[in-house]
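Novice: need a 3D model of the sequence below.
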Amino acid sequence: MGRAAKTVARVFHYLEPNPIIDIKKTAEALNVAFNTVSSAVKRLMDADILVQTDTAARNRSFVYEEYLTILQKGTWLRVA
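Specialist: Sure, this is the predicted structure:
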(Lines give C-alpha, C1' and ligand atoms only; values in the text may rest on other atoms or scores of the structure.)
Protein backbone atom coordinates (compact mmCIF):
# COMPACT_ATOMS: atom_id res chain seq x y z
CA MET A 1 0.00 0.00 0.00
CA GLY A 2 1.43 3.39 -1.00
CA ARG A 3 1.83 6.38 1.26
CA ALA A 4 -1.20 8.19 -0.17
CA ALA A 5 -3.39 5.11 0.30
CA LYS A 6 -2.22 4.77 3.91
CA THR A 7 -3.17 8.38 4.60
CA VAL A 8 -6.59 7.88 3.02
CA ALA A 9 -7.06 4.81 5.24
CA ARG A 10 -6.03 6.78 8.34
CA VAL A 11 -8.47 9.59 7.52
CA PHE A 12 -11.21 7.06 6.77
CA HIS A 13 -10.69 5.35 10.14
CA TYR A 14 -10.66 8.78 11.82
CA LEU A 15 -14.15 9.36 10.40
CA GLU A 16 -15.76 6.67 12.55
CA PRO A 17 -15.55 8.63 15.81
CA ASN A 18 -15.50 11.96 13.91
CA PRO A 19 -17.97 11.82 11.00
CA ILE A 20 -17.84 15.61 10.56
CA ILE A 21 -14.33 16.96 10.00
CA ASP A 22 -12.31 19.87 8.79
CA ILE A 23 -8.87 19.47 7.26
CA LYS A 24 -6.89 21.53 9.80
CA LYS A 25 -8.19 19.73 12.89
CA THR A 26 -7.90 16.34 11.20
CA ALA A 27 -4.30 17.06 10.22
CA GLU A 28 -3.51 18.06 13.80
CA ALA A 29 -5.24 14.99 15.27
CA LEU A 30 -3.44 12.61 12.92
CA ASN A 31 -0.13 14.51 13.10
CA VAL A 32 -0.07 14.76 9.30
CA ALA A 33 0.53 17.77 7.05
CA PHE A 34 -2.48 19.85 6.04
CA ASN A 35 -1.86 19.25 2.31
CA THR A 36 -1.60 15.50 2.88
CA VAL A 37 -4.97 15.39 4.61
CA SER A 38 -6.42 17.69 1.96
CA SER A 39 -5.39 15.21 -0.75
CA ALA A 40 -6.87 12.32 1.23
CA VAL A 41 -10.14 14.22 1.69
CA LYS A 42 -10.28 14.89 -2.05
CA ARG A 43 -9.86 11.16 -2.74
CA LEU A 44 -12.63 10.36 -0.25
CA MET A 45 -14.87 12.94 -1.94
CA ASP A 46 -14.09 11.43 -5.34
CA ALA A 47 -15.13 8.05 -3.90
CA ASP A 48 -18.43 9.62 -2.69
CA ILE A 49 -17.55 8.92 0.95
CA LEU A 50 -17.18 12.53 2.09
CA VAL A 51 -19.41 15.46 1.17
CA GLN A 52 -18.47 19.11 1.63
CA THR A 53 -21.00 20.74 3.96
CA ASP A 54 -20.54 24.33 2.84
CA THR A 55 -19.37 26.38 -0.11
CA ALA A 56 -16.59 28.24 1.68
CA ALA A 57 -13.19 28.29 0.02
CA ARG A 58 -11.43 28.19 3.40
CA ASN A 59 -12.14 26.29 6.61
CA ARG A 60 -14.32 23.81 4.76
CA SER A 61 -16.19 21.10 6.63
CA PHE A 62 -16.86 17.61 5.37
CA VAL A 63 -19.32 14.97 6.47
CA TYR A 64 -19.40 11.20 6.14
CA GLU A 65 -23.09 11.51 5.36
CA GLU A 66 -23.88 7.85 4.72
CA TYR A 67 -22.41 6.87 8.10
CA LEU A 68 -24.36 9.57 9.92
CA THR A 69 -27.54 8.44 8.19
CA ILE A 70 -27.00 4.91 9.50
CA LEU A 71 -26.30 6.19 13.02
CA GLN A 72 -29.40 8.39 12.97
CA LYS A 73 -31.79 5.71 11.69
CA GLY A 74 -34.64 5.35 14.13
CA THR A 75 -33.81 8.59 15.96
CA TRP A 76 -35.23 12.07 15.65
CA LEU A 77 -31.83 13.45 14.58
CA ARG A 78 -31.20 14.25 10.94
CA VAL A 79 -28.16 15.47 8.98
CA ALA A 80 -28.51 19.14 8.20
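
Novice: mind pulling the model confidence for residue 56?
Specialist: What the model reports for residue 56 is a pLDDT of 74.

Novice: can you tell me the element it falls in?
Specialist: Here residue 56 sits in a region with no helix or strand, counting by DSSP states H and E.

Novice: got the phi and psi for it?
Specialist: Backbone torsions for residue 56, taken as degrees, to the nearest 10, come to phi -60, psi 150.

Novice: distance-wise, check it relative to residue 73.
Specialist: Distance, residue 56 to residue 73, by CB to CB, to the nearest Å: 29 Å. C-beta here means a position set from N, CA and C on the backbone, and glycine is covered the same way.

Novice: repeat for residue 64
Specialist: Distance, residue 64 to residue 73, by CB to CB: 15 Å.

Novice: with neighbour numbers in mind, choose between the two.
Specialist: Between residue 64 and residue 73, counted using other CB atoms under 10 Å, the more crowded position is residue 64 (22 against 8).

Novice: lovely, talk soon.
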